[in-house]
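J.: one predicted model, sequence on top.
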Amino acid sequence: MGGKRAAKLFVALHLVCVLVPLAVVAVWAFTSSWPWPELLPQTFSDRGIVELFVTSRDLGEVLAVSVGISLAVAALSTVVAAMAARALVSYRFFGKELFRFSTVLPFLIPATVFAMGVQVVFIHAGLANTVFGVVLAHTIVALPYAITIMSEVTAAAGEKLEQQARVSGAGPVRALFEVQIPLLLPGLLSAASLSYITSFSQYFLTLLVGGGTVKTFALVMFPYLASGDRTIASAYGVLFMAVTLGVFFLFELLLKRFASAKTEYFTD
Amino acid sequence: MAISEARKGNDGADGAAASELPRAMTRRRFVAVASTAAATMLLGSALAGCSNASDGEAASGGDAAGEVDYANWDAVLEAAKGQTVSWYGWGGSEPRNTWITTVLAPALKEKYDVTLNLVGMDINDILTKLSGEMQAGVEAGSIDYIWINGENFYSTKENGYLWGPFTHYLPNFNDYIDSESNEVLYDFGSPVEGYEAPYGKAQMQMWVDSAKVKSTPKNPDEFLAFCQEHQGRVTYPEPGDFAGTAFISCLIAGVVGKDEFEKLSSMENPTTESVKAVIEPGLEYLRSLNPFLWKGGATFPADAATVDTMYADGELVMNMGYGAPEALVKNGTLPETTRSFIFETGTVGNSNFMAIAKNATNKAAALVAINEVISPEMQLSQYEELANISVLDMGKLSEADRAAFEDVPLGVTQLPIDELLDHRIVEAAGPVIPIIEQLWLDEVIGK
């Protein structure tokens, strides 16, 4: 009983820690002045809303480009990560440990240094200032997260069921799509979500590789964060959260739809 | 179950041969698929590289064939038609961004069929991007022109990243700007030589909420008393930040005198010793302030944005910046009772400029856009909307234009332009600034 109550308390505490700052951001989006020691905002302003929906006339386009890029990154990095994880978990090949190490390498290099290197290489390869270049660069950053998740999930899922399907006469493609992928689905969606959010919040890399030609949401929002204009930064922040939550909700729906009752295989 | 466990173990053991055919096949297929993928990627990027190279040649070839005669303004206007020009600059000011997108951009579109693409970034990010493109030899760069000044201008010009001289092509520059004035000839002490056109003039100002603070300091001595009165509620951004460096410059100039301080603006080959010889009494004064500042002067806010929010939150009683906070009062961030002041000993001021990148793709459109920014009409609009001090020579304007400037009512936070310009101190030269900042780090903070 005591344990249960403590658990409830922790959940409540956690919710407060997460929701209160979010609520403050939401309030700030409509506030122009909230000085200490006032408990409530003193003056309100529609500046944030005007900036979002009137002044920046290309917001819809920017959002579409951002979400498109991030979804592409999520798809690309999840597929690559799933394949890499399968290679790491199930196969032995020359240089495997080196490969394993290199998958987390982008974690270890400072983002700024990495971005400058990518910029120069992409300029030579003709990928600079293109949407495809931005997708590729984001994918490199998102991959370590996706591979780490997929390695765990792939190892946990094992190969037993896939082999069983093969033994029962299913072809490799059918075994993959009807057995292994449903088994990995929760991991695939986690990897996709994390890749999505990693891509959606990239600023410096997008700036260098996309060069202002490819305008993403983070790129438009960042100057306001940096200059301390809280009303406008918060308005952008609220929209950022809404869009991200919307996409995650979609992922969640997909998971429910395609993975119902299949996850019980994990419990063998 | 057991079989598959065993297989797994076997698989992990050293020397596990490819005894099982299906596994060997799969592995081989894996390698084949992987290498095909790698080859595809390589081929793809090689192709992309090729097509880009030919693009670049085509573009530069076209450029050479249709080289615009920039000295002929009609030809420039003709070439600019239909171009999209990218303006890179600091993007953190919502009133300024709004002015550019709602006043300047429509005017450019309507009058000259030039589309303006404003890319608001931190100047350091812009310069990183520019140098990356220049070093990679990109001929059709993504940056057309840049809002720039000071040491950033100095270093980009030194590195050959700027295109010019170009200001003599601009009709409005020739007609309305005093090209012999020091503010136009020099940018933080380094000669401009036609590589950038002035955008606006800025001068350091301080402000308080007059409802809470009754009297404002008029010189460094009074400022010390002011800090004592409001102990722990006054500070300045750490020098290195534009506003922080400018503010300590105002105080140092107040202590050592305007003439002595302005020696720093023309100092050649400055050394730590030569700079210190000039500003030593100022450093001494700054140390004496520390005990009464926020956190006892042991630490300072990292940048002006932090100080701005601390002031807006009521944590500080005084704030400072280049220009009056009129826009912040208008949009309700600061109260109507906000009032600006300057020291009678003067405050530092500078001009900020627009420069064209050496590899700009749309140079003609950049010239047209810059020319428009310095037109009397747009300078007046900037003065009205943003309280930006104009770069135009009032003596060269028509009677009607001059009257229009004079008729603009001053906002509650704005000081008359004459009062500002009469108390204007020339900023230290670009190479001197980092030395002052280092001296402050060594001898002021925490001392």
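T.: Sure thing, it's come through. Predicted, not measured: the structure shown is a model, and the values here were computed from it.
J.: and the helices in the stretch 101-250 of chain A?
T.: For the stretch 101-250 of chain A, the helices defined by DSSP state H, counting those that start in this stretch occupy A:105-108, A:111-125, A:131-157, A:160-167, A:172-175, A:181-200, A:204-210, A:217-227, A:230-258.
J.: could you do the stretch 1-150 of chain B as well?
T.: Shown for the stretch 1-150 of chain B, the helices assigned by DSSP H, counting those that start in this stretch span residues B:2-12, B:21-65, B:73-80, B:94-99, B:105-112, B:123-135, B:150-158.
J.: one step back: return the most buried member of the helices of the stretch 101-250 of chain A.
T.: helix A:204-210 (a mean of 25; mean count of other Cβ atoms under 10 Å in any protein chain shown). C-betas here are computed from N, CA, C, even on glycine.
J.: tell me who's in contact with the residue of the stretch 151-268 of chain A found nearest chain B.
T.: Relative to chain B, the nearest point of the stretch 151-268 of chain A is residue A:227 (2.6 Å; Cβ to the nearest Cβ). When the contact criterion is Cβ atoms under 8 Å, 6 or more residues apart in numbering or on different chains, the partners of residue A:227 are B:92, B:93, B:305.
J.: what's the spacing between stretch A:179-188 and its chain's center?
T.: 18 Å (Cα atoms, centre = their mean, to the nearest Å).
J.: ugh, wrong one, stretch B:67-87
T.: For stretch B:67-87, the distance to the chain centre is 26 Å (Cα atoms, centre = their mean).
J.: before we move on, the earlier item: ok, now how distant is the residue of the stretch 151-268 of chain A closest to chain B from residue B:349?
T.: According to Cβ to Cβ, to the nearest Å, residue A:227 and residue B:349 sit 21 Å apart.
J.: residues touching the most centrally placed residue in chain A, list them.
T.: Central residue of chain A (Cα atoms, centre = their mean): residue A:197, 2.2 Å from the mean position. Shown in contact with residue A:197 (Cβ under 8 Å, 6+ apart): A:70, A:244.
J.: quick one: low-confidence parts of the stretch 151-268 of chain A?
T.: A:259-268 (pLDDT under 70).
J.: residue numbers of it in contact with chain B?
T.: Contact residues, the stretch 151-268 of chain A versus chain B (Cβ under 8 Å from any Cβ of the partner chain): A:158-160, A:163, A:166, A:172, A:204, A:207-208, A:211-213, A:215, A:219-220, A:222-224, A:226-232.
J.: again, only using 7 Å
T.: Residues of the stretch 151-268 of chain A found near chain B (Cβ under 7 Å from any Cβ of the partner chain) are A:159-160, A:163, A:204, A:207-208, A:211-213, A:223-224, A:226-230, A:232.
J.: please, where are all the helices along the stretch 151-300 of chain B?
T.: Assigned by DSSP H, counting those that start in this stretch, the helices in the stretch 151-300 of chain B fall at B:171-176, B:182-185, B:220-229, B:242-256, B:258-262, B:272-289.
J.: any chance of the ones you listed in CSV, plus distance to chain A, mean neighbour count and mean pLDDT?
T.: Formatted as CSV, these follow (distance: least, Cβ to the nearest Cβ, whole Å; neighbours: other Cβ atoms under 10 Å in any protein chain shown; pLDDT from 0 to 100):
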stretch, distance to chain A, mean neighbour count, mean pLDDT
helix B:171-176, 26, 17, 96
helix B:182-185, 26, 16, 90
helix B:220-229, 19, 17, 96
helix B:242-256, 12, 24, 95
helix B:258-262, 29, 16, 94
helix B:272-289, 24, 17, 96
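J.: got these as a markdown table, with distance to residue B:145 columns?
T.: Formatted as a markdown table, the helices of the stretch 151-300 of chain B follow (distance: least, Cβ to Cβ, whole Å):
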| stretch | distance to residue B:145 |
| --- | --- |
| helix B:171-176 | 14 |
| helix B:182-185 | 17 |
| helix B:220-229 | 39 |
| helix B:242-256 | 21 |
| helix B:258-262 | 30 |
| helix B:272-289 | 33 |
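J.: so what pLDDT did the residue nearest to residue B:357 when sequence neighbours are not counted get?
T.: Spatial nearest neighbour of residue B:357, chain neighbours left out: residue B:143 (4.6 Å); criterion: Cβ to Cβ, 6 or more residues apart in numbering or on different chains. We have a pLDDT of 93 for residue B:143.
J.: residue A:58 too?
T.: Residue A:58 is given a pLDDT of 79.
J.: count of neighbours near it?
T.: When neighbours are counted by other Cβ atoms under 10 Å in any protein chain shown, residue A:58 registers 13.
J.: one more: residue A:5?
T.: Neighbour tally, residue A:5, other Cβ under 10 Å: 9.
J.: same check on residue B:411?
T.: 17.
J.: state the distance from it to residue A:249.
T.: For residue B:411, the distance to residue A:249 - Cβ to Cβ - is 46 Å.
J.: now swap in residue A:156 and tell me
T.: The gap separating residue A:156 from residue A:249 is 26 Å, by Cβ to Cβ.
J.: over to residue A:142?
T.: From residue A:142 to residue A:249 the distance is 20 Å (Cβ to Cβ).
J.: try residue A:242
T.: 10 Å.
J.: dump the residue contacts of the spatially closest residue to residue B:151 that is not a sequence neighbour.
T.: Nearest residue to residue B:151, sequence neighbours excluded (Cβ to Cβ, 6+ apart): residue B:430, at 4.1 Å. The contact partners of residue B:430, by Cβ atoms under 7 Å, 6 or more residues apart in numbering or on different chains, come to B:150, B:151, B:154, B:188, B:189, B:190.
J.: for stretch B:375-383, buried residues please.
T.: B:375, B:376, B:378, B:379, B:380, B:381, B:382, B:383 (16 or more other Cβ atoms under 10 Å in any protein chain shown).
J.: tell me which element the closest residue to the second one other than its chain neighbours falls in.
T.: Okay, so that is residue B:376. Spatial nearest neighbour of residue B:376, excluding adjacent residues (Cβ to Cβ, 6+ apart): residue B:401 at 4.5 Å. Under DSSP states H and E, the secondary-structure element containing residue B:401 is helix B:399-407.
J.: can you check residue A:98 too?
T.: helix A:96-103.
J.: for residue A:120, find the nearest of the helices of the stretch 151-300 of chain B.
T.: helix B:242-256 (29.2 Å; Cβ to Cβ).
J.: tell me which strands and helices the closest one is in contact with?
T.: strand B:197-209, helix B:220-229, helix B:272-289, strand B:318-322, strand B:347-357, helix B:432-443 (3 or more Cβ pairs under 7 Å, 6 or more residues apart in numbering or on different chains; DSSP states H and E).
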